[in-house]
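>>> sequence and predicted structure are below.
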Amino acid sequence: MAELVDSAPDLIVAGGTPVIAALKRATSTIPIVFAIVNDPVGQGFVSNLAHPGGNITGFTAFEFEMVGKWLELLKEMAPAVRRAALIFNPETGPFYPVFLRRFGTVPSSIGTELAAAPVRNKADLEATVETLTRESDGGLIVAADAFTAAHRPLIMELVERYRLPAIYYLRQAVAEGGLMSYGPDLADIVRRSASYVDRILKGANPADLPVQQPTKFELAINLKTAKTLGLKPPPTLLAHADEVIE
């Protein structure tokens, strides 16, 4: 990051918590536009969403309500799930404990317990999935996190091995054999960030450009994987899906 800042670019576009944190430490003057970053206020990247107040602004990839939506969709797909674990790395996704506390008590109508499952390495991943499979009512929520994205092949391998219902935030996971996903259109977020690049290069101040949240979300379902797990997606769920892989 020091080398990048020393090259004195007019603007930097970046994504992910670790990268933005490093850039914030490296410069307070070069404009930075982030794409696909979560909880920028809680992480200290901006003062508030409406008025960032510094040299950093951009586009988030996560809304708090998604935690509840992931749980609802997983329960709709797999009604037998009574315990769901949300896996994330506390170093690359430090905001999830805050979101879970704000989520509070799961509505009784859902009938599923939601718990945080912090993982920092492959051993943690394997232990978490194995623990969930000791009883027949476990489910997995693979949160939006650089660590879970990088280790998606291992997560999917474990889920398949233990026949565990899981929901991902990346649509790509469903194309690779995952059961279902719900999350923002990441390509759309990156495309939208170009508008801020244009405005800043034409003289706009990042401090005055509000942080924007996702506007497009996608639900994808893999029917082949559902059948392998003995699950039959309800017609109402299939009707809301943006993509159904048969």
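Thanks, I have the structure now.
>>> leaving out the residues flanking it, which one is nearest to the spatially most central residue of the chain?
By CA atoms, centre = their mean, the mean C-alpha position of the chain lies nearest to A144, the distance being 1.9 Å. Nearest residue to A144, sequence neighbours excluded (CB to CB, 6 or more residues apart in numbering): Y169, at 4.3 Å. Just so you know, the C-beta spots here come from the backbone N, C-alpha and C atoms, and that holds for glycine as well.
>>> in this structure the residue nearest to the centre of the chain contacts F62, no?
Yes. The criterion here is CB atoms under 8 Å, and A144 meets it with F62 at 5.3 Å.
>>> longest single helix anywhere in the protein?
Assignment by DSSP state H gives helix 186-201 as the longest helix of the chain.
>>> ok now the following helix or strand past that helix, how far from the chain's centre?
Following helix 186-201 in sequence order, the next helix or strand is strand 217-222 (DSSP states H and E). Offset of strand 217-222 from its chain centre (CA atoms, centre = their mean, to the nearest Å): 14 Å.
>>> same question for stretch 222-236.
Distance of stretch 222-236 from the chain centroid (CA atoms, centre = their mean) equals 23 Å.
>>> for my notes, confirm I141 occurs in a strand.
Yes. The assignment for I141 (DSSP: H, G, I helix; E, B strand; the rest coil) places it in a strand.
>>> in PDB, list the C-alpha atoms belonging to stretch 170-181.
Output of stretch 170-181 as PDB, limited to C-alpha atoms (Å, rounded to 0.1, in the frame of the first residue of the first chain):
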ATOM      1  CA  LEU A 170     -22.400 -15.600  -3.900                       C
ATOM      2  CA  ARG A 171     -24.600 -16.700  -6.900                       C
ATOM      3  CA  GLN A 172     -21.500 -18.400  -8.300                       C
ATOM      4  CA  ALA A 173     -21.600 -20.900  -5.500                       C
ATOM      5  CA  VAL A 174     -24.900 -22.300  -6.900                       C
ATOM      6  CA  ALA A 175     -23.500 -22.700 -10.300                       C
ATOM      7  CA  GLU A 176     -20.700 -24.700  -8.700                       C
ATOM      8  CA  GLY A 177     -23.100 -27.000  -7.000                       C
ATOM      9  CA  GLY A 178     -24.200 -25.100  -3.900                       C
ATOM     10  CA  LEU A 179     -27.800 -25.500  -2.700                       C
ATOM     11  CA  MET A 180     -28.900 -21.800  -2.900                       C
ATOM     12  CA  SER A 181     -27.700 -18.300  -2.700                       C
END
